[in-house]
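**Student:** sequence-free structure coming up:
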């Protein structure tokens, strides 16, 4: 059975799916087996695509007008087609840069294999650049990752505030610029400083001691 999927990015009427629908029907897809979305391809929430993938059965073939109608990016596309292949579902692209893809044929599988290899290559490059960047940062005395939002001063303020019954946790977190998870990992609801808070205070004390030694 042939099943079609089509998508346009805007739902304001400035774009329509007529061209895609006509191409899918001309390729043999029954009109009642065509699913659609009016949303950006970058969005995770695409109910039409979700319904389409759910409706597919082993032996079916999914048809799309162009490759970019289906995937958010190359990685998402590769993962989606891999899942379809495992389920025994084929993919055929009608036009555009991916028109050679037809996973129901040997040559089409080869073409998609090249796409999958490019996706893996892209992941490897990103990983390599990340590792190199962290190594360079460490060599210059900097550690990678996002800086902590919690500070020693905030730990002390939070401990003092948490010990008071009238303290509203949401307001406190907003005032300190931290999440509830960060707050509770440093200070208990009763105002006791927890392990993360103790560690942060210890680092601040060590840093202050080092500054004093440097001045001496």
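**Tutor:** Received, thanks. Just so you know, these numbers come straight off a predicted model, no measurement behind them.

**Student:** Next, residue 63: secondary structure please.
**Tutor:** On the three-state scheme (DSSP: H, G, I helix; E, B strand; the rest coil), residue 63 is labelled strand.

**Student:** One more: residue 175?
**Tutor:** Here residue 175 is recorded as helix under three-state DSSP.

**Student:** Can you get me a residue count around it?
**Tutor:** Using other CB atoms under 10 Å, residue 175 has 13 neighbouring residues. C-beta coordinates here come from the backbone N, C-alpha and C atoms, glycine included.

**Student:** quick one: low-confidence ranges for the chain?
**Tutor:** The chain contains residues with pLDDT under 70 at 10-14, 41-44, 72, 112, 114-138, 140-148, 204-216.

**Student:** Show me the strands in it, by range?
**Tutor:** Remark: strands assigned in the chain by DSSP state E are 2-8, 34-38, 61-64, 90-93.

**Student:** can you tell which of these is closest to residue 149?
**Tutor:** With CB to CB as the criterion, residue 149 lies closest to strand 34-38 of these, at 36.9 Å.

**Student:** circling back: can the strands of the chain go into CSV with extra columns for mean neighbour count?
**Tutor:** Output for the strands of the chain, formatted as CSV (neighbours: other CB atoms under 10 Å):
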stretch, mean neighbour count
strand 2-8, 23
strand 34-38, 20
strand 61-64, 24
strand 90-93, 22
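
**Student:** Using JSON lines, please lay out those together with distance to residue 173.
**Tutor:** Below are these laid out as JSON lines (distance: least, CB to CB, whole Å):
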{"stretch": "strand 2-8", "distance to residue 173": "39"}
{"stretch": "strand 34-38", "distance to residue 173": "37"}
{"stretch": "strand 61-64", "distance to residue 173": "45"}
{"stretch": "strand 90-93", "distance to residue 173": "47"}
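
**Student:** The ones you listed: which one's closest to residue 164?
**Tutor:** Closest of the strands of the chain to residue 164 is strand 34-38, at 50.7 Å (criterion: CB to CB).

**Student:** quick one on the thing from earlier: ok, which of the strands of the chain comes nearest residue 101?
**Tutor:** Closest among the strands of the chain, once you apply CB to CB, is strand 90-93, at 4.6 Å.

**Student:** any idea how far the closest residue to residue 83 other than its chain neighbours lies from residue 100?
**Tutor:** Nearest residue to residue 83, sequence neighbours excluded (CB to CB, 6 or more residues apart in numbering): residue 53, at 7.9 Å. Per CB to CB, to the nearest Å, residue 53 is found 23 Å from residue 100.

**Student:** Pick out whichever of these two has more residues nearby.
**Tutor:** More neighbours surround residue 53 than the other of residue 53 and residue 100, with 19 against 13 (other CB under 10 Å).

**Student:** which ones are touching the more buried one?
**Tutor:** Applying CB atoms under 8 Å, 6 or more residues apart in numbering to residue 53 gives the contacts 80, 83, 84.

**Student:** Next step: those residues restricted to helices.
**Tutor:** The subset of the contacts of residue 53 located in helices under the criterion DSSP state H comprises 80, 83, 84.

**Student:** and of those residues, the nearest to residue 151?
**Tutor:** Using CB to CB, residue 80 is the member of those that lies nearest residue 151, at 43.4 Å.
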